[in-house]
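1. Next comes the sequence, and after it the predicted model I'd like to discuss.
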Amino acid sequence: MLLLGVSYKDAQAQGTIEGQWTGASFTCPNERPRGMTLTLQERGGMLSGTLSADLSPDTSQSVTYKVRGTFAGTRFTLQPEPGQRMIPGTQITNIDGTFDARSEILTGTDQPSGCIVYGVVKRRLDTVDAPPPAPSAPQVVPPNAALAARVVRKPAAYWSGFKTATVKDVFDGDFGGDVGDSRQFRYLFAGYVETFSESCRPFLPADHTVLTVQVTNDLGTLDAESWHVDRALADKYRFYWQLLPNRAAGQVLMPNSPLITDLAAMDDAIRFLKVEGCQAPAVVQLRENLIRGSNGRLSLQQEARGGPVVPTFLNACLAVHDVSVSSRYHAVNAKAYCGCLDDESRNLMSPAEKRYYSEAFELRFTRNIAQPRELATDPNWAKFHPVVPRCAQ
């Protein structure tokens, strides 16, 4: 079965099947995905173009077939032009499928081959060879007096009873766009969520959610814990929970164990809510900066002061794929796609690598890492590309 699907595309080519569908994968039974590109032109209901696929998952060498077919309403067909030699493992016979102009998702099947094709990006044909724009100058945010009026400040003596500097840094908004990569930040975040669930549940929004996680008890067996969580914090809490080491009850730790310091950040969240209560302006500020930091945004204080915005991986991705920002590539669900890439990048990329791709996201990621192997030149393609189709789904 040959399946073609698209998750994001050139916003200027919306509503038409015509274009270059790139960032695709071609997967036959019992083998890993290979790169693929499908280029289609449509004239009066007749389709023509090319389908290029890697010869194997481990090579950038590819085979290209000329294809032709029909398009009417939402239905399309594609067949290889006669006289071409089909390479085993890449042969196609007859693709029959549909194109949804509203969502711009193209799907099709080729029953004889058993191969699966998944597309990621569609570009308008007249932009295929166009160079990407040069990296833009950093965005400058003007000072915001309304936000500045909301800022809460604490004297230095206030923080003497806390175990780490992380809670103070987050409260004061003194963090960068990659703070979500910090283990102590993740533990502070988790500590805030769990403590608020235990001690401040009546003050949660009415539409809050309940998350259940598995923890190891002091007998070494699994118990289920349920937390009532503000929806604005739920997705990141669920993601951070998967990254946090075991916090089993009764666990014996060495004095120099990093987990001791990490757990101290959770203790700081507990102390902060015990001191401030559930509704104090200071609690509101910590919550807001936890949300901002976990999503790669400026802190409340940084936005209030204004100034140049250092690009983060998440914001750089949204600048390329969010239709409200970019006219070149439009993600069907840009926030979900870019949020997934951002979460995955925290495990795969070093801070220096994240900055590198963030500084020129379209050139270095969308038009390189996200492309089939045959179109990519980045030496890190094999390491980073597999997350692209996962996040596009």
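-> Looks like it arrived, so ask away. Numbering: from 1, shown residues only.
2. quick one, strands of the stretch 151-300 of the chain?
-> 209-216, 222-229 (DSSP state E, counting those that start in this stretch).
3. any chance of the ones you listed in CSV, with mean neighbour count, distance to L341 and mean pLDDT too?
-> From N, CA and C alone the C-beta is placed, and that goes for glycine too. Compiled in CSV, these are given as follows (neighbours: other Cβ atoms under 10 Å; distance: least, Cβ to Cβ, whole Å; pLDDT from 0 to 100):
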stretch, mean neighbour count, distance to L341, mean pLDDT
strand 209-216, 13, 23, 83
strand 222-229, 14, 23, 86
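4. okay if I get these as JSON lines plus distance to R373?
-> What follows is these, written out as JSON lines (distance: least, Cβ to Cβ, whole Å):
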{"stretch": "strand 209-216", "distance to R373": "38"}
{"stretch": "strand 222-229", "distance to R373": "40"}
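5. For G83, which of the ones you listed is the nearest?
-> strand 209-216 (58.6 Å; Cβ to Cβ).
6. got the angle between that closest one and strand 222-229?
-> Interaxial angle, strand 209-216 versus strand 222-229 (axes from the mean of the first three to the mean of the last three Cα atoms, to 10 degrees): 150 degrees.
7. which parts of stretch 70-83 are buried?
-> By 16 or more other Cβ atoms under 10 Å, the buried positions in stretch 70-83 come out as F71, F76, T77, L78, Q79, P80.
8. got it, and stretch 82-101?
-> Residues of stretch 82-101 classed as buried: G89, T90, Q91, I92, N94, I95, G97, F99 (neighbour count, 16+ other Cβ under 10 Å).
9. and what of stretch 363-377?
-> Of the residues in stretch 363-377, those buried (16+ other Cβ under 10 Å) are 363-376.
10. Just give me the closest of those to H385.
-> Using Cβ to Cβ, the buried residues of stretch 363-377 come closest to H385 at I369, 5.6 Å.
11. Distance check, that closest one against S199.
-> 44 Å (Cβ to Cβ, to the nearest Å).
12. A282 too?
-> From A282 over to S199 (counting by Cβ to Cβ), the distance is 15 Å.
13. Which of the two has more residues huddled nearby?
-> Taking other Cβ atoms under 10 Å, A282 and S199 do not tie; A282 has more neighbours (18 against 14).
14. could the buried residues of stretch 82-101 be laid out in a markdown table, adding secondary structure and pLDDT?
-> Shown next, in a markdown table, are the buried residues of stretch 82-101 (DSSP: H, G, I helix; E, B strand; the rest coil; pLDDT from 0 to 100):
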| residue | secondary structure | pLDDT |
| --- | --- | --- |
| G89 | coil | 67 |
| T90 | coil | 71 |
| Q91 | coil | 72 |
| I92 | coil | 78 |
| N94 | coil | 81 |
| I95 | strand | 82 |
| G97 | strand | 79 |
| F99 | strand | 78 |
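15. which pair in those spans the largest distance?
-> Going by Cβ to Cβ, the pair spanning the buried residues of stretch 82-101 furthest: G89 and F99, at 26.3 Å.
16. Look at the closest residue to I369 other than its chain neighbours and say how many residues are nearby.
-> Leaving aside its sequence neighbours, I369 sits nearest to F384 (Cβ to Cβ, 6 or more residues apart in numbering; 5.0 Å). For F384, the neighbour count with other Cβ under 10 Å is 21.
17. and Q41, that's in a helix?
-> No: remark: Q41 does not belong to a helix; assigned using DSSP: H, G, I helix; E, B strand; the rest coil, it is strand.
18. What's the separation between it and D96?
-> Taken as Cβ to Cβ, the span from Q41 to D96 is 19 Å.
19. Likewise for F185?
-> In terms of Cβ to Cβ, F185 sits 50 Å off from D96.
20. Please apply the same query to G296.
-> 42 Å.
21. looking at the chain, which residue lies furthest from center?
-> G83 (43.0 Å; Cα atoms, centre = their mean).
22. tell me which element that residue falls in.
-> Using DSSP states H and E, G83 sits within no helix or strand.
23. now do T70
-> strand 62-72.
24. before we move on, what about A316?
-> For A316, the element it lies in under DSSP H and E is helix 313-321.
25. List the buried residues for that helix?
-> Neighbour count says helix 313-321 has F313, L314, N315, A316, C317, L318, A319, V320, H321 buried, by 16+ other Cβ under 10 Å.
26. give me phi/psi at S182?
-> phi -80, psi 130 (degrees, to the nearest 10).
27. So it is in contact with D169, correct?
-> No: between S182 and D169 there is no contact under Cβ atoms under 8 Å: 9.5 Å.
28. where does the stretch 51-200 of the chain dip in pLDDT?
-> 57-60, 89, 101-106, 114, 116-138 (pLDDT under 70).
29. any chance you could map the helices in it?
-> Using DSSP state H, counting those that start in this stretch, the helices of the stretch 51-200 of the chain run over residues 145-150, 166-171, 183-199.
30. And the contacts of the second one?
-> Surrounding helix 166-171, the residues in contact under the criterion Cβ atoms under 8 Å, 6 or more residues apart in numbering are 152, 154, 159, 162, 174-175, 179, 182, 184-185, 188, 265, 268-269, 272, 282, 285-286, 289-290, 293, 299.
31. 10 Å - rerun?
-> For helix 166-171, contacts defined as Cβ atoms under 10 Å, 6 or more residues apart in numbering pick out 152-154, 156, 158-159, 162, 174-175, 179, 182-189, 191-192, 261-262, 264-265, 267-269, 271-272, 282-283, 285-286, 289-290, 292-293, 299-301.
32. As PDB, could you dump the C-alpha coordinates of stretch 374-387?
-> The C-alpha coordinates for stretch 374-387 follow below in PDB (Å, rounded to 0.1, in the frame of the first residue of the first chain):
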ATOM      1  CA  GLU A 374      19.000  13.500  -1.300                       C
ATOM      2  CA  LEU A 375      18.300  17.200  -0.800                       C
ATOM      3  CA  ALA A 376      20.000  17.600   2.600                       C
ATOM      4  CA  THR A 377      23.700  18.700   3.100                       C
ATOM      5  CA  ASP A 378      23.700  19.000   6.900                       C
ATOM      6  CA  PRO A 379      25.900  16.300   8.500                       C
ATOM      7  CA  ASN A 380      23.400  16.000  11.400                       C
ATOM      8  CA  TRP A 381      20.600  15.000   9.000                       C
ATOM      9  CA  ALA A 382      20.400  11.300  10.100                       C
ATOM     10  CA  LYS A 383      20.400  12.400  13.800                       C
ATOM     11  CA  PHE A 384      17.700  15.100  13.600                       C
ATOM     12  CA  HIS A 385      15.500  14.200  10.600                       C
ATOM     13  CA  PRO A 386      13.600  11.300  12.100                       C
ATOM     14  CA  VAL A 387      11.700  13.600  14.400                       C
END
